[in-house]
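S.K.: Can you look at this prediction? I've put the sequence above it.
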Amino acid sequence: MNAVAFRYIGKEADNLEEREYLGDGSEDAVEHGLTRQDRARLRRHILEIQKGMGVSDRLLCAEARVASRTLTAQRRNRKVEERALFALAEAVERIRSAEAKSAANEAERIFGFKASRIR
């Protein structure tokens with residue numbers, strides 16, 4: 001497993017303890033956006049997997065539940081909402097996982113044993 005980008009969560013990310021100590025009693029959640037480098041890395045990751053596996057734009061958009069214009073904007077390095085980027089990244093990972101399972105099942109069918117037994 002490789003980390004492509006970081007998404008800060010939890011009370012440490014919100015500096016909750018410091019805010020309470022200083023008297024900032026607001027209950028508003030603090031939004032932490034992706035850094036420019038993380039955003040670029042995530043975009044490259046999505047496009048590399050899509051290209052490497054030959055995944056169509058239509059399949060990727062359907063799996064991610066985003067509009068095709070979102071993928072086009074992502075490809076042209078235009079502003080895309082973070083949730084759409086994460087949806088695309090999760091979709092390519094689901095597609096890659098399904099492809100790996102399919103290959104393992106095919107190997108089992110052809111050779112008569114599970115690929116997980118090979119070491």
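M.R.: Yes, it's here. Remember, it's a predicted structure, so these values are computed and weren't measured experimentally. Numbers count the residues shown, from 1 in each chain.
S.K.: alpha carbons only for contacts and neighbour counts from here, please
M.R.: OK.
S.K.: now the strands for the protein?
M.R.: When assigned using DSSP state E, the chain turns out to have no strands.
S.K.: By residue count, tell me the biggest helix in the chain.
M.R.: Secondary structure of the chain read by DSSP state H shows that its longest helix is helix 82-111.
S.K.: which of the residues in it are buried?
M.R.: By neighbour count, with 16 or more other C-alpha atoms under 10 Å as the criterion, the buried positions of helix 82-111 are 84, 85, 86, 87, 88, 89, 91, 92, 95, 96, 104, 105.
S.K.: May I ask which two of the residues you listed are separated the most?
M.R.: 84 and 105 (31.4 Å; C-alpha to C-alpha).
S.K.: Residue ranges in this structure under the pLDDT threshold?
M.R.: The chain contains residues with pLDDT under 70 at 1-32, 113-119.
S.K.: could you redo the last one with a cut-off of 90?
M.R.: The model of the chain has pLDDT under 90 over residues 1-39, 75, 77, 79, 97-119.
S.K.: Now residue 70. Nearest residue, chain neighbours left out?
M.R.: Among residues not flanking residue 70 along the chain, residue 80 sits closest, at 6.6 Å (C-alpha to C-alpha, 6 or more residues apart in numbering).
S.K.: Between the buried residues of helix 82-111, which sits nearest residue 40?
M.R.: Comparing the buried residues of helix 82-111 against residue 40 with C-alpha to C-alpha picks out residue 85 as the nearest, at 10.3 Å.
S.K.: Run a quick neighbour tally on residue 42.
M.R.: Burial measure for residue 42: 21 neighbouring residues, criterion other C-alpha atoms under 10 Å.
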